[in-house]
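how would this look folded up:
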Amino acid sequence: MVSPDRNVIGLDTSTAGVAACALRADGRFAERVPSPESLLGRPAHARELMPALAAVMEEAELGWSDLDLVAVSRGPGSFTGVRIGVATARGLGDAHGIPVTGVVSLRALAEGAGGDAAPEGVLALIDARRGEVFAGLYGGGEELWAPAALAPEALGRRLETLAGPPLAVGDGSLRFRAVLEAAGIRVAPEDSALHAVRGLSVCRLALRAPDEPALPLYLREPDARPMA
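Below you'll find the model as predicted:
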């Protein structure tokens, strides 16, 4: 685990929930973790994100001038959510003169579930709608599957190639639990906090790679398209 030497604020809006964390240079932090119920509910990013950021900043006793880095989960995930998160992070960075770093949401999800320590790795799954899931496999400090949008059949075929059963987490694992368990994959309990992308994980990953671009990672075209 990286010992923080900077004050960082991290946020995630790649799922229906809102995550925020203020991580201090001394290691103390304050965060808001989405509840399991919020992951399956209607998104409220525009209403909840800024109050969540303000709350963790106050709890961590930090002002905007104290921050050294803004970290944002850049997807894949909800198209609208990713846009809101990245735009907010970049706006805060521009307004306060703070560098902004992006991290992959699936990596942050796996990080929160102990991806580097789990013997068979962590299968991070975010509901992609349209009957698909955004998937990434992480273990041993490495990305074992690059992030991809997969239909249940394609996910099942990839699962058959694994040597052992990873732990599946994320709202996508809840939606596709039947497919995963049929392939012998362990799925975290429905009420587990492991299904949420944590702002603390976003902060810690950003400290490891502070120069990653804060650009959206969509993996596919948006659901809504302009009429011809």
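
got the contact list for the lengthiest helix in the chain?
Across the chain, the helix with the greatest residue count (assigned by DSSP state H) is helix 79-96. The contact list for helix 79-96 (Cβ atoms under 8 Å, 6 or more residues apart in numbering) reads 9, 11-16, 43, 45-46, 49-50, 53, 64-65, 67, 70-76, 98-100, 102, 105, 214-218, 222-223. Where you see a C-beta, it was placed from the backbone N, CA and C, and this is true even at glycine.

average pLDDT for that helix, rounded please.
Here helix 79-96 scores 96 as its mean pLDDT.

buried ones in that helix?
Applying a neighbour-count criterion of 16 or more other Cβ atoms under 10 Å, one finds 79, 81-86, 88-90, 92-93 buried in helix 79-96.

just the C-alpha atoms of the helix or strand following it, please, in CSV.
As assigned by DSSP states H and E, the chain's next helix or strand after helix 79-96 is strand 100-103. Provided in CSV are the C-alpha atoms of strand 100-103 (Å, rounded to 0.1, in the frame of the first residue of the first chain):
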residue,chain,number,x,y,z
VAL,A,100,-6.2,15.9,-12.1
THR,A,101,-5.5,12.2,-12.5
GLY,A,102,-7.8,9.5,-13.9
VAL,A,103,-8.0,5.9,-12.8
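
relative to helix 79-96, how tilted is the helix or strand just after strand 100-103?
As assigned by DSSP H and E, the chain's next helix or strand after strand 100-103 is helix 105-112. Interaxial angle of helix 105-112 relative to helix 79-96 (axes from the mean of the first three to the mean of the last three Cα atoms, to 10 degrees): 80 degrees.
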